[in-house]
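Visitor: please find the sequence and the predicted model below.
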Amino acid sequence: MTAAPKIELRKVCKAFGSKVILSDLDLSIQDGESLVVIGGSGTGKSVMLKCILGLLEPDSGDILIDGQSVVGLSSKAREKVLLKTGMLFQYAALFDSLPVWENVAFGLLQAHGIPRKKAREIAMEKLSLVGLGPDMADRNPAEMSIGMQKRVGLARAIAADPEIIFFDEPTTGLDPIMGDVIDSLIRDCTRRLGATTLTISHDMDGAQVIGDTIALLYKGNVVWSGPADTIKTCGNPYVEQFVRGDIDGPIKLEVLKP
Ligand SMILES: Nc1ncnc2c1ncn2[C@@H]1O[C@H](COP(=O)(O)OP(=O)(O)OP(=O)(O)O)[C@@H](O)[C@H]1O
């Protein structure tokens, strides 16, 4: 018997008023797989992620984690599901009022009820995995560069050894070299954990570093998916246009009328 996908979207639809964002979206991520969903601005990547996290409810369709539907859960049941997940937000979203170690340990302290001493030990271990020494632990995140903040955010995402990790545009705001460093760290840390990951991104190069599989979203649906290392040779016209950044092709830019 084949195992159920770790995360599965079945014909998910979501509209805001008359504007259809997700349209019969099917997607599945196997246990231990790293999927990167790429797509232009406004194609529904964030809406998809918010539906999976329960921040938005699909109009129809189903979303399953470990074979269990997570649509319409009570907040208590959702908290339980979210305990097996970690998340790195687009701008790291650290609390400036807390030192670095406590940012990393936030979920351990608040959601997992781990005592402070133990939580600090785990935080130090995770900081070292992302290349930050013990001297960083008591720093204020606001004093750190964006690259360092992303490392702290990654340490927080992996703090509880989650089974699933979500990455929202993990290299936004970084220069290409630091972006590459963070992409490689994400790949190494998540592989070490054996976690299943879902990343949303615009960044083709990063997607190939992080992803086992890439899916291209356009108008709320997957127009291509396949192994990350085939994206440049797959011959799919949507992918080719996206890779080249051409204006001409099947992807139509929605230009706002003045
Ligand atoms: N709460 C909301 N109410 C109304 N419209 C929304 C809401 N959230 C998102 N949208 C619309 O849904 C569309 C898709 O947005 P989404 O943020 O998912 O795009 P995206 O692919 O993540 O884009 P980007 O890469 O620029 O972040 C956009 O047109 C956006 O304006």
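Guide: That came in fine, so what should we check first?
Visitor: state the distance from residue 106 to residue 137.
Guide: Residue 106 sits 14 Å away from residue 137, going by CB to CB, to the nearest Å. In this view, the C-beta of every residue, glycine as well, is placed from N, C-alpha and C.
Visitor: and for residue 98?
Guide: The gap separating residue 98 from residue 137 is 11 Å, by CB to CB.
Visitor: among those two, which residue is more densely surrounded?
Guide: residue 137 (19 against 14; other CB atoms under 10 Å).
Visitor: can you tell me which residues contact the more buried one?
Guide: Counting by CB atoms under 8 Å, 6 or more residues apart in numbering, residue 137 makes contact with 99-101, 120, 123-124, 127.
Visitor: rerun at 10 Å
Guide: Going by CB atoms under 10 Å, 6 or more residues apart in numbering, residue 137 touches 99-105, 120, 123-124, 127, 152.
Visitor: how many neighbours does the closest residue to the ligand within the stretch 101-250 of the chain have?
Guide: At 5.8 Å from the ligand, residue 202 is the closest residue in the stretch 101-250 of the chain, using CB to the nearest ligand atom. By the criterion of other CB under 10 Å, residue 202 has 16 neighbours.
Visitor: go ahead and confirm it touches residue 90.
Guide: No - assessed by CB atoms under 10 Å, residue 202 is found out of contact with residue 90, at 11.1 Å.
Visitor: spit out the residues that contact residue 106 and residue 137 alike.
Guide: Contact criterion CB under 10 Å, 6+ apart; residues shared by residue 106 and residue 137: residue 123.
Visitor: and stretch 221-237, how far apart are its ends?
Guide: The first residue of stretch 221-237 is 15 Å away from its last residue (CA to CA, to the nearest Å).
Visitor: list the buried residues in it.
Guide: 221-225, 228, 231, 234, 236 (16 or more other CB atoms under 10 Å).
Visitor: so the residue nearest the centre of the chain is in which element?
Guide: Geometric centre of the chain, nearest residue: residue 167, 2.1 Å, by CA atoms, centre = their mean. If you go by DSSP states H and E, residue 167 is part of strand 164-168.
Visitor: ok, then the element right after that strand?
Guide: Where DSSP H and E defines the elements, the next helix or strand beyond strand 164-168 is helix 176-193.
Visitor: quick one: the helices in the stretch 51-200 of the chain?
Guide: 75-82, 100-104, 106-110, 116-129, 146-158, 176-193 (DSSP state H, counting those that start in this stretch).
Visitor: what angle sits between the fifth one and strand 164-168?
Guide: Okay, so that is helix 146-158. With axes from the mean of the first three to the mean of the last three CA atoms, to 10 degrees applied, the angle from helix 146-158 to strand 164-168 works out at 150 degrees.
Visitor: run the chain-centre distance for helix 146-158.
Guide: The chain centre lies 13 Å from the centre of helix 146-158; the measure is CA atoms, centre = their mean, to the nearest Å.
Visitor: what sits against residue 228?
Guide: By CB under 10 Å, 6+ apart, the neighbours of residue 228 are 34-36, 207-214.
Visitor: now do the strands in the stretch 1-150 of the chain.
Guide: Using DSSP state E, counting those that start in this stretch, the strands of the stretch 1-150 of the chain run over 7-16, 19-29, 34-38, 60-65, 68-69, 85-88.
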